[in-house]
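> Sequence below, structure please.
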Amino acid sequence: MVARFAFGQDCPPLDNINPDFNKLRMLDLRGVIITAPGLDYDFVSRAFFPKYGILEDPVTGSAHTKLIPYWAEKFEKSKLKAKQISKRGGELFCENDGDRVYISGHAQLYMSGEIKID
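Here you go, the predicted model:
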């Protein structure tokens, strides 16, 4: 589910929203994505998947496959700059190309290792 917010007196900024993860777990949904127009970005978002053990995903490429076409249509442009405003956060450079979206950004090394196959 995607919920869109508009900034204004009746809506807190997305980073001030504190979801009830127990209630989100009970929804018959894979997860919940919230989004709004940004100030320094075309749009901002947060993504929650507590049913799968991910309270808040730091930067979610799969969520942006839905968000990019939505915002591209709203702003009537194909190239967008986005920010996922989780605690770790991430900046995304997005392009809507009809039936495809392109997402790029800066990665943060999470883990490295070696696998030995005999």
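> So which elements touch the lengthiest helix in the chain?
Longest helix of the chain, by residue count under DSSP state H: helix 61-75. For helix 61-75, the packing partners by 3 or more Cβ pairs under 8 Å, 6 or more residues apart in numbering; DSSP states H and E come out as strand 2-4, strand 32-37, strand 43-49, strand 79-84, strand 90-97, strand 100-105. (C-beta placed from N, C-alpha, C; glycine too.)
> Pick the most deeply packed of the ones you listed.
Of the helices and strands packed on helix 61-75, the one with the most neighbours on average (mean count of other Cβ atoms under 10 Å) is strand 43-49, at a mean of 23.
> Please enumerate residues in contact with the following helix or strand past that strand?
Remark: after strand 43-49, the chain's next helix or strand is strand 54-57, criterion DSSP states H and E. The contact list for strand 54-57 (Cβ atoms under 8 Å, 6 or more residues apart in numbering) reads Phe21, Gly31, Arg46, Ala47, Phe48, Phe49, Ala63, Gln84, Ser86, Lys87.
> Let me know the closest of the residues you listed to Ile115.
The closest of the contacts of strand 54-57 to Ile115 turns out to be Phe49 (Cβ to Cβ; 26.9 Å).
> Is the closest one in contact with Leu27, as I believe?
No. Counting by Cβ atoms under 8 Å, Phe49 does not reach Leu27; the two are 10.8 Å apart.
> hmm, back to that, and Asp118, which of the helices and strands packed on helix 61-75 is closest to it?
strand 43-49 (35.9 Å).
> what packs against the closest one?
Against strand 43-49 (3+ Cβ pairs under 8 Å, 6+ apart) you get strand 32-37, strand 54-57, helix 61-75, strand 79-84.
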